[in-house]
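Engineer: show me how the following folds:
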Amino acid sequence: MRDYGMIHEEIGSIAISSDDRYLFTSGSHLRQFSGRNGKMVKDYGPIFENGKVMKTIITTADNKWLFAAAYNGHLKQISIESQQVVHDYGEIHQNIFSCMDTTRDSKWWFSGSQDTHI
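Structural biologist: Predicted structure coming up:
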């Protein structure tokens with residue numbers, strides 16, 4: 001167990017790559033830490049407009065992608081390798097994201113919102 005200290009004013013979500021190499025944390029910023037030594041690898045900064053807090057984040061099982069969802073229903077896809085936002089899906093839910101997951105083969109992505117839509 002490791003105490004990373006206070007790294008956000010508010011933590012929306014955390015995600016760990018399936019190979020345990022990285023821990024991602026979200027608040028108004030997205031941050032990436034080494035799973036081995038706990039040091040920050042990258043502060044992506046605020047990836048959503050107006051510093052919107054990320055409600056949930058998830059990595060794919062193949063460790064290629066991280067998906068980040070904001071409270072306002074917007075979704076972005078980030079390449080773990082290049083550490084860049086590669087796709088902005090815009091608003092895909094009209095309500096707050098409540099959850100998301102991917103299939104084990106990383107081919108399909110699913111999300112749910114507080115208005116009960118999947």
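
Engineer: could you use CA atoms for every contact and neighbour count after this?
Structural biologist: Fine.

Engineer: all the strands of this structure, residue numbers only.
Structural biologist: 13-16, 22-26, 30-34, 40-45, 54-59, 65-70, 74-79, 84-91, 97-102, 109-113 (DSSP state E).

Engineer: where does this structure have low pLDDT?
Structural biologist: 1-10, 51-52 (pLDDT under 70).

Engineer: so can I have a markdown table of the strands of the chain showing mean neighbour count?
Structural biologist: Output for the strands of the chain, formatted as a markdown table (neighbours: other CA atoms under 10 Å):
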| stretch | mean neighbour count |
| --- | --- |
| strand 13-16 | 19 |
| strand 22-26 | 24 |
| strand 30-34 | 20 |
| strand 40-45 | 14 |
| strand 54-59 | 25 |
| strand 65-70 | 25 |
| strand 74-79 | 20 |
| strand 84-91 | 13 |
| strand 97-102 | 18 |
| strand 109-113 | 15 |
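
Engineer: which strand residues bridge the residue lying closest to F24 once chain neighbours are set aside?
Structural biologist: Counting by CA to CA, 6 or more residues apart in numbering, F24 lies nearest to Q32, which is 4.5 Å off, once chain neighbours are set aside. On the basis of DSSP bridges, Q32 is bridged to F24, K42.
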